[in-house]
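S.K.: Provide a 3D model corresponding to the input given below.
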Amino acid sequence: MSILAVLFGILSGCFLAVLVGIIGSHRRIGFGWAFLISVIFTPLVGLIVALLTDPLPGGGQRWGCIGTLVAILGLLFLAAFLLLLLAGGAVLAAV
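M.R.: Next up is the predicted model:
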């Protein structure tokens, strides 16, 4: 398996988890919990759980504290991953 296939799988899984989180933000589960369930299990399981919860009254959104925490941690992990990826590529290019 090539590194690009693994990278594509990780990024597409994260993208789908964010989409499930956005769906969850319009429901009682909220963005953060829907996103976290999608990352821990699979985006399909997260989508099922998000759709099984009741919608918010009045069509509002619920991001919550965990949504902010997950977004900040996600950005930090993405930055660390890209830094390690670039550093590894630079080491391989130097050899």
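S.K.: shaky segments in this protein?
M.R.: The chain contains residues with pLDDT under 70 at 1, 59, 62-68, 89-90, 92, 95.
S.K.: how much distance is there from the biggest helix by length in the chain to the middle of the chain?
M.R.: The longest helix of the chain (DSSP state H) is helix 64-94. Relative to the mean C-alpha coordinate of its chain, helix 64-94 is positioned 13 Å out (Cα atoms, centre = their mean, to the nearest Å).
S.K.: Stretch 15-31 too?
M.R.: Going by Cα atoms, centre = their mean, where stretch 15-31 is centred and where its chain is centred differ by 10 Å.
S.K.: Next: stretch 11-28.
M.R.: Between the centre of stretch 11-28 and the centre of its chain there are 7 Å (Cα atoms, centre = their mean).
S.K.: same deal with stretch 26-39?
M.R.: 10 Å.
S.K.: Check stretch 4-14 too.
M.R.: For stretch 4-14, the distance to the chain centre is 12 Å (Cα atoms, centre = their mean).
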